[in-house]
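Novice: just coords:
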Ligand SMILES: Nc1ncnc2c1ncn2[C@@H]1O[C@H](COP(=O)(O)OP(=O)(O)OP(=O)(O)O)[C@@H](O)[C@H]1O
Ligand SMILES: [Mg+2]
């Protein structure tokens with residue numbers, strides 16, 4: 001059966017969906033799963049991430065996330081996050097939305113509000129002002145906030161990073177993984193930092209319930225995926241022909 005994604009044929013502007021949450025909550029895992037489900041349903045999907053998403057942005061990402069970056073001031077950190085984002089919007093996000101595509105982005109301005117605004121004490125107001133100036137106030141149509149206990153999600157992230165730094169046997173694999181493995185600068189922050197980031201995310205979700213859906217991320221990747229797909233379908237009314245995305249990822253549900 002040939003399925004078409006209604007959305008991309010009807011709407012002029014695409015849909016912008018962001019994934020947010022603490023390190024290790026499963027954002028990248030869930031983004032990949034949603035992208036696969038949407039593509040299966042016939043949608044045109046762009047997968048991207050922040051900081052990064054463009055050649056310039058990926059260079060900025062290396063500076064921001066590399067644990068060897070020392071002495072970066074909180075303001076410089078926030079400015080670099082927005083520099084990456086402004087380029088990302090101009091080069092990738094806006095053009096894809098203009099083509100009617102669905103853009104799935106791993107972190108966006110909510111991360112800056114939670115990590116720099118709350119975590120680094122720079123304040124929400126400053127982050128939102130910069131968002132207005134540098135990002136033209138671009139808002140996601142939907143933000144999936146993966147909610148999980150800070151200590152447990154960090155354990156997931158640290159386990160993943162350790163297995164990347166000390167991979168099994170193959171030297172080639174080791175080299176490849178080491179190239180992208182040292183993204184631990186934030187993960188070295190203390191517990192109170194992550195408690196503030198978590199509090200920041202909860203405050204954003206409370207402030208903007210129409211845009212942000214908080215999803216329990218404690219279950220298996222498949223369980224969380226079903227919740228994410230359900231939220232996408234409910235909130236964005238993305239249905240695929242006569243078949244809903246939800247029924248495609250979970251055939252037992254009608
Ligand atoms: N539901 C889950 N249950 C158990 N492990 C999970 C689950 N989801 C993801 N993981 C694993 O936890 C680790 C972190 O997941 P992932 O990289 O998707 O998180 P993330 O939110 O993108 O983290 P970061 O913010 O550090 O990029 C990975 O090793 C992943 O395989
Ligand atoms: Mg990730």
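Specialist: Received, thanks. Given the structure is predicted, the values throughout are model-derived calculations rather than measurements. Ligands and ions are numbered 1, 2, ... in the order given.
Novice: ok, now how distant is residue 81 from residue 75?
Specialist: 11 Å (C-beta to C-beta, to the nearest Å). C-betas here are computed from N, CA, C, even on glycine.
Novice: Mind listing what's buried along stretch 202-216?
Specialist: By neighbour count with 16 or more other C-beta atoms under 10 Å, stretch 202-216 contains the buried residues 202, 204, 205, 211, 212, 213, 214, 215.
Novice: between the residues you listed, which is nearest residue 100?
Specialist: Nearest to residue 100, judged by C-beta to C-beta, of these is residue 211 at 20.3 Å.
Novice: Once you drop chain neighbours, what's closest to the closest one?
Specialist: Nearest in space to residue 211, with sequence neighbours left out and distances taken as C-beta to C-beta, 6 or more residues apart in numbering, is residue 143 at 5.5 Å.
Novice: gap between that neighbour and ligand 1?
Specialist: From residue 143 over to ligand 1 the distance is 14 Å, taken as C-beta to the nearest ligand atom, to the nearest Å.
Novice: Repeat that for residue 162.
Specialist: For residue 162, the distance to ligand 1 - C-beta to the nearest ligand atom - is 10 Å.
Novice: my guess is residue 18 is in a strand, correct?
Specialist: Yes - the assignment for residue 18 (DSSP: H, G, I helix; E, B strand; the rest coil) places it in a strand.
Novice: Any residues of the stretch 51-200 of the chain in contact with ligand 1? List them.
Specialist: 156, 157, 160 (C-beta under 6 Å from any ligand atom).
Novice: Pipe these into TSV and attach secondary structure and pLDDT per row.
Specialist: Below are those laid out as TSV (DSSP: H, G, I helix; E, B strand; the rest coil; pLDDT from 0 to 100):
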residue	secondary structure	pLDDT
156	helix	90
157	helix	89
160	helix	87
